[in-house]
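# I'll drop the sequence and a predicted model, then ask my questions.
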Amino acid sequence: MEVSAAKDAVTVSSVKGLKTAVSRAMHNYEGKLIISYKGNITPKMEQINRVVEQLLADDDYLAGSFKESNIHYQYNSSSAIINYTFSYHTSKSQEQYVDAQVKRFINEEISEKMSDFDKVKAINNYIVLNTKYGADTKSSAHSAYAVFKEGKAVCQGYTLAAYKLYQAAGIDVRYVVGYVDQVAHSWNLVKVDGKWYHVDSTFNDPTPDRAGKVSSKYFLLSDSALAEDHRWVTKDYQKASDTTYNFIRDTEDFVKSGDEVFYTKADGSRGIHKRDTKLGTEKKVTNTNAKYLVKAGDWLYFSNKDKNGYLNRIHMDGSNQMKINEQESSDLKVLDQILYFNGDGKEQTLNLEGIVKGEQKKDYDNLFSYIEHFFFQLFPGKFRE
């Protein structure tokens, strides 16, 4: 049979060259590809048939964004024409939009000084706070595009959007597919300080949607903890054997500083608690009814629900608790020593560096006054005109 190539065919002479061409087409979200293969493909048919499968196995995000492919051959003993068709949940332009939104988020919300833990928390919170669960979207609800453009998606969209953000923030990440109650589901595996953990941002988003609320139940879980209600083919993914952060599922708000995690309890118990993740010890930092807990330097900032929700801070050792303002404050967030919070119905900011410097100046002034007083007492005549 005579085989003639189309004008827009990509010419290759090896399976490696074919794989490169197919990869380029799929990563550009092209709908079709024509390959003009120079040589006998009969002994290589099995390899060629596995090319798409291999490419998807090597790229979690592409696999999650991909729908299906078809392949059709025309060949003889010396050449072949191979026609591919592909379909995806998104288009190239939609993926470009996703990339732009990811870049914006990284520039605005992620600092180089942030730990892996803080990056993962910021990304999980962003996905949850800006997305509602639902399939009634104009674009595919199974896409990251639906999350960033419409603020609504199903689990696949949540997981893919989170994947892109983790990857851009320098966090090793996997796209995991499995089941919950025999219903198909997806979530992420992330690598924090060299160890793998599960994060299910879909299940961290309360349903029905509650504005400003992020659940902690599926944040940095071990395999054993997640397996209580999730199922997946464990051999296909990295092991998440570390149980250090399983306790977080019982917290309301939490922040990490070094080896210590400060948190409030989800059961409504009073106070801010501290757990040393290395020693496994716990203690209560304060009995204040705290909410919206964040950290900056050696200080914890929170809304004091015992005092009208006024903004408070306390040293991480439990000392020097003080009131910062006299307005109900909520939705606290810290980035680069700037505290963002909602007060009087609008977002406000507070330069924490200025507060620290002010406190330091006050301490210096107090110290100088003490020294001056000491010398007046010791050498009274020396300091009189």
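Here it is on my side, so go on. Quantities reported herein were computed from a predicted structural model and do not represent experimental measurements.

# And for residue 347, the neighbour number?
10 (other CB atoms under 10 Å). Heads up, the C-betas are built off the backbone N, CA and C, glycines and all.

# What are the neighbouring residues in contact with the nearest residue to residue 116 once chain neighbours are set aside?
The shortest distance from residue 116 to any non-neighbouring residue, by CB to CB, 6 or more residues apart in numbering, is to residue 192 (4.4 Å). Applying CB atoms under 8 Å, 6 or more residues apart in numbering to residue 192 gives the contacts 116-117, 120, 171, 220.

# just how off-centre is stretch 85-99 within its chain?
21 Å (CA atoms, centre = their mean, to the nearest Å).

# Output it as PDB, nothing but the C-alphas.
Extracted in PDB, the C-alpha atoms of stretch 85-99 (Å, rounded to 0.1, in the frame of the first residue of the first chain):
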ATOM      1  CA  THR A  85      -6.300  12.900  17.900                       C
ATOM      2  CA  PHE A  86      -6.300  14.300  21.400                       C
ATOM      3  CA  SER A  87      -8.900  15.800  23.700                       C
ATOM      4  CA  TYR A  88      -8.300  17.700  27.000                       C
ATOM      5  CA  HIS A  89     -10.300  19.400  29.700                       C
ATOM      6  CA  THR A  90      -8.700  22.700  28.700                       C
ATOM      7  CA  SER A  91      -7.300  24.600  25.700                       C
ATOM      8  CA  LYS A  92      -3.900  26.100  25.200                       C
ATOM      9  CA  SER A  93      -5.200  29.600  25.900                       C
ATOM     10  CA  GLN A  94      -6.900  28.400  29.100                       C
ATOM     11  CA  GLU A  95      -3.700  26.900  30.300                       C
ATOM     12  CA  GLN A  96      -1.900  30.200  29.600                       C
ATOM     13  CA  TYR A  97      -4.500  31.900  31.800                       C
ATOM     14  CA  VAL A  98      -3.800  29.300  34.500                       C
ATOM     15  CA  ASP A  99      -0.100  30.000  34.200                       C
END
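
# pLDDT score for residue 151?
Looking at residue 151, its pLDDT stands at 97.

# Let me see the contact set for it.
Contacts of residue 151 by CB under 8 Å, 6+ apart are 130-132.

# quick check: longest strand of this protein.
When the chain is parsed with DSSP state E, its longest strand is strand 322-335.

# on that earlier part again, which two of the contacts of residue 192 have the greatest separation?
Greatest spatial distance among the contacts of residue 192 (CB to CB): 171 and 220, at 11.8 Å.

# Could you name every residue contacting both of the two?
By CB under 8 Å, 6+ apart, residue 171 and residue 220 have these common neighbours: 120, 190, 192.

# Number of residues surrounding the second one?
Counted with other CB under 10 Å, the burial measure for residue 190 works out to 26 neighbours.

# Torsion angles phi and psi at it?
Listed backbone geometry of residue 190 is phi -130, psi 150, with angles given as degrees, to the nearest 10.

# quick one, what contacts the most centrally placed residue in the chain?
Residue closest to the average C-alpha location in the chain (CA atoms, centre = their mean): residue 123, at 2.8 Å. Counting by CB under 8 Å, 6+ apart, residue 123 touches 162, 165-166, 169, 171.

# Confirm that it sits in a helix.
Yes - assessed by DSSP: H, G, I helix; E, B strand; the rest coil, residue 123 belongs to a helix.

# begin at 90 from here
All set: I'll call the first residue 90, so the last point we hit is now residue 212.

# gap between it and residue 148?
Applying CB to CB, to the nearest Å, the value for residue 212 to residue 148 is 20 Å.

# cool, and residue 264?
Counting by CB to CB, the gap from residue 264 to residue 148 is 9 Å.

# Of the contacts of residue 240, just say which sits nearest to residue 121.
residue 220 (32.4 Å).

# Need the shared contacts of residue 260 and residue 309 in CSV (columns: distance to residue 440 and pLDDT).
Converted to CSV, the shared contacts of residue 260 and residue 309 look like this (distance: CB to CB, whole Å; pLDDT from 0 to 100):
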residue, distance to residue 440, pLDDT
209, 26, 98
279, 32, 98
281, 29, 98
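
# Which of the residues you listed sits closest to residue 183?
Closest to residue 183, out of all of the shared contacts of residue 260 and residue 309 and judged by CB to CB, is residue 279, at 24.6 Å.

# isn't the closest one right up against residue 209?
Yes - with contact defined as CB atoms under 8 Å, residue 279 reaches residue 209; the gap is 5.4 Å.

# Return every residue with contacts to both of these two.
Listed as contacting both residue 279 and residue 209 by CB under 8 Å, 6+ apart are 255, 260, 288, 309.
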